[in-house]
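**Student:** Pasted the sequence and its predicted model underneath.
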Amino acid sequence: MKIIGTGCSHPSKVVTNDMLSDLVDTSNEWIMTRTGISERRVISSEMMLDLAVEAARNALDDAGISASELDFIIVANVVNEYVTPALSCILQGAIGATCPCVDLNGACVGFIYGLDMAEAYYKAGKVKKVLVVCAEQPSRMLSWQDRSVCVLFGDGAGAAVLAEGDNIKATRLTASSNYDKLYQMHELQPSPFNTKPSTDLPLVMRGQDVFKFASKASYADLSALLKETGKTADDVSLFLLHQANIRIIENIAHIFNQDKAKFPTNIQKYGNTSSASLPILLDELNREGKLHHGDLLALSAFGAGLVSGACLLEW
Ligand code: UT7
């Protein structure tokens, strides 16, 4: 397939590092030097659906197609206000589409999972136009009293429209069940038959373990894709990495011996927006005219699972 349009949407509320230092024992200096984050957007009055719909509409406008032309909608999302129906199904009606739709929980790798699924359906001859939307609100999963977590994340949505083409050159997904490293558990409705204790826990992250996994996984995924396609890191125009920590991104640039300018970032403004991170970055670069016909883009993401994924695509 080929990406023919991108879009994104951010909550209106900006939360700066200084605002966080009023809530927890932290500082702008600690957050900037350890993560590269200066501020993030956080959901206040918006619903997750509002952001998802706006990102989807922006991507459809950019693609120059109407929602009725879509054959399939994939929404990557970890939590939203509805347990059921799927966010993709609510979004389908809101944007005026009529095609089948499905949600996937791929944590921070949701966008790469979405691209891979879209490509597989396309190759099976089932679809020609697919909308992938990533909409996430980690701000409602974490404790705002936990300084090791609340400074890292932000909310947002990103989207891409895919159509017929041969621009996705290769994708790779990995999963290893290490769920104690990064997880959240929430309480379900009471049941007179439930005998288990309460399981309401905000987001827990073993930061250093995840940091090591992220660096190794991103390097392994990107190396495997370059090998598979007969390319080298020098052939890549831009590396778009999941915006989790500027130090992970700089590590990868260093390991591949590539100029940091080939690793665009927006973590400064948005923090880690989970699966929305890559499509938001892609949309910004697209709208700023920084993506050129024929550019080779290397996308890489990692997250809770632990899972990782990468994609090589030609713009
Ligand atoms: O999207 C999913 C993927 N997620 C990631 O890739 C995240 C990967 N991990 C990381 O980015 C980093 O591990 C963190 C940013 C989470 C933490 O950075 P770190 O350099 O690994 O710090 P640390 O956890 O080793 O903590 C160092 C110190 C500790 O104090 P002591 O024990 O040395 O006295 C922490 O308590 O920093 C303290 N600390 C803070 N201090 C000020 C932790 N959070 C904060 C904070 N402000 N917000």
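**Tutor:** Done, it's in.
**Student:** What is the longest helix anywhere in the chain packed up against?
**Tutor:** In the chain, assigned by DSSP state H, the helix with the most residues is helix 207-229. Packing partners of helix 207-229 (3 or more C-beta pairs under 8 Å, 6 or more residues apart in numbering; DSSP states H and E): strand 168-175, helix 246-255, strand 296-303, strand 307-314. C-beta coordinates here come from the backbone N, C-alpha and C atoms, glycine included.
**Student:** Give me the contact list for that helix.
**Tutor:** 148, 169-172, 174, 178, 181-182, 232-233, 235-236, 239, 241-242, 244-245, 247-248, 251-252, 255-256, 298, 300, 302, 306, 308-312 (C-beta atoms under 8 Å, 6 or more residues apart in numbering).
**Student:** Dump the helices and strands packed on helix 207-229 into JSON lines; add distance to the ligand, mean neighbour count and mean pLDDT as well.
**Tutor:** Converted to JSON lines, the helices and strands packed on helix 207-229 look like this (distance: least, C-beta to the nearest ligand atom, whole Å; neighbours: other C-beta atoms under 10 Å; pLDDT from 0 to 100):
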{"stretch": "strand 168-175", "distance to the ligand": "14", "mean neighbour count": "17", "mean pLDDT": "98"}
{"stretch": "helix 246-255", "distance to the ligand": "6", "mean neighbour count": "18", "mean pLDDT": "97"}
{"stretch": "strand 296-303", "distance to the ligand": "4", "mean neighbour count": "26", "mean pLDDT": "98"}
{"stretch": "strand 307-314", "distance to the ligand": "10", "mean neighbour count": "24", "mean pLDDT": "98"}
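**Student:** Now the stretch 101-250 of the chain against the ligand: closest residue?
**Tutor:** At 2.9 Å from the ligand, residue 207 is the closest residue in the stretch 101-250 of the chain, using C-beta to the nearest ligand atom.
**Student:** that older thread, residue 110: which of the helices and strands packed on helix 207-229 is closest?
**Tutor:** Among the helices and strands packed on helix 207-229, the nearest to residue 110 by C-beta to C-beta is strand 296-303 (8.1 Å).
**Student:** Tell me which strands that closest one pairs with, and in which orientation.
**Tutor:** strand 238-241 (parallel), strand 307-314 (antiparallel) (DSSP bridges).
**Student:** I'd like those strands as a markdown table, with distance to residue 105 appended.
**Tutor:** Shown next, in a markdown table, are the strands paired with strand 296-303 (distance: least, C-beta to C-beta, whole Å):
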| stretch | distance to residue 105 |
| --- | --- |
| strand 238-241 | 21 |
| strand 307-314 | 10 |
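**Student:** count of residues packed around the residue of the stretch 101-250 of the chain closest to the ligand?
**Tutor:** Neighbours of residue 207 under the rule other C-beta atoms under 10 Å: 15.
**Student:** hang on, residue 256 packs against residue 231?
**Tutor:** No. The criterion here is C-beta atoms under 8 Å, and residue 256 misses it with residue 231 at 11.9 Å.
**Student:** So for those two, which sits in the more crowded spot?
**Tutor:** residue 256 (21 against 16).
**Student:** How about the more buried one: what's its closest non-neighbour residue?
**Tutor:** Of all residues not flanking residue 256 in the chain, residue 233 sits nearest, at 4.2 Å (C-beta to C-beta, 6 or more residues apart in numbering).
**Student:** what's the residue of the stretch 1-150 of the chain found nearest the ligand in contact with, if anything?
**Tutor:** Residue nearest to the ligand within the stretch 1-150 of the chain: residue 26 (3.3 Å; C-beta to the nearest ligand atom). Counting by C-beta under 8 Å, 6+ apart, residue 26 touches 17, 20, 147, 151.
**Student:** Pick the one among those residues closest to residue 39.
**Tutor:** The closest of those, once distances to residue 39 are taken by C-beta to C-beta, is residue 17, at 6.8 Å.
**Student:** Just give the nearest non-adjacent residue to that closest one, would you?
**Tutor:** residue 28 (3.9 Å).
**Student:** Could you do residue 117 as well?
**Tutor:** Using C-beta to C-beta, 6+ apart, the closest residue to residue 117 is residue 74 (5.8 Å).
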